[in-house]
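1. Generate coordinates for the sequence data below:
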Amino acid sequence: MNLDRIIEGCKKGEKICQERLVRNYAPGLLAICRRYSRDSESANDALQESFINIFKYINSYSGVGSFEGWMKRIAVNCTITFQKKNFKIHYEPNVLHDSSQHCEIPDVYSTLGKEDILCLLSELPKALFVVFNMHVVEGYSHKEISKMLSISEGTSRASLSRARGRLIEIIEDRQNKENQRVKYLHKI
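-> Got it, this is the predicted structure:
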């Protein structure tokens with residue numbers, strides 16, 4: 001069964017098509033929900049809410065643009081709404097710190113693997129992580145982020161800048177610790 005047939009079946013409320021849609025897309029959407037959630041239980045709740053909204057609003061999908069992208073946007077919105085409702089996330093006003101305005105990422109850090117990057121991102125404060133993930137990973141504009149999070153575009157930009165600066169601090173700190181460990185091992 002192709003995607004167009006699944007979409008048409010879902011619009012008609014056909015259970016087999018709904019099950020096929022869930023089976024085909026739940027793993028990818030769950031990964032998105034996990035990126036924005038504090039734990040796997042809230043990610044699962046957000047995924048469930050995402051599919052409820054997908055089926056509720058599937059008739060509004062016009063066929064223009066990527067259906068998968070449309071579902072991803074719903075998953076991001078549902079997860080963020082869930083997080084805002086159940087957990088306090090504080091966004092600082094749009095005052096940029098001088099140290100984070102023009103941060104350059106050293107070339108040595110371009111060798112980081114996916115697991116390393118995910119580990120580093122998990123160390124960011126939740127508000128910075130959400131904006132960084134939405135802009136860098138999901139590709140949302142600051143205008144879209146500001147509407148979704150109910151913050152100003154300037155606050156979105158400032159949060160992204162702070163996130164980048166904080167990531168560089170975390171990476172440099174780890175690099176310094178590794179250098180100290182290597183020096184210690186050479187002394188032994």
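2. Where do the domain boundaries of the protein fall?
-> 3-86, 98-187 (automatic domain parsing).
3. Turn these into JSON lines, including mean pLDDT and mean neighbour count.
-> Where you see a C-beta, it was placed from the backbone N, CA and C, and this is true even at glycine. Output for those, formatted as JSON lines (pLDDT from 0 to 100; neighbours: other C-beta atoms under 10 Å):
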{"stretch": "domain 3-86", "mean pLDDT": "92", "mean neighbour count": "16"}
{"stretch": "domain 98-187", "mean pLDDT": "79", "mean neighbour count": "15"}
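4. just checking, Tyr140 touches Asn133?
-> No. In this structure, Tyr140 is not within contact of Asn133 by C-beta atoms under 8 Å, at 9.3 Å.
5. List the contacts of Ala43.
-> 30, 33-34, 36-37, 79 (C-beta atoms under 8 Å, 6 or more residues apart in numbering).
6. Check those and tell me the two furthest apart.
-> Leu30 and Tyr36 (11.2 Å; C-beta to C-beta).
7. Tell me which residues touch the residue nearest to the spatial centre of the chain, please.
-> With distances taken as C-alpha atoms, centre = their mean, the residue of the chain nearest its centroid is Asn133 (3.9 Å). Applying C-beta under 8 Å, 6+ apart to Asn133 gives the contacts 35-36, 121.
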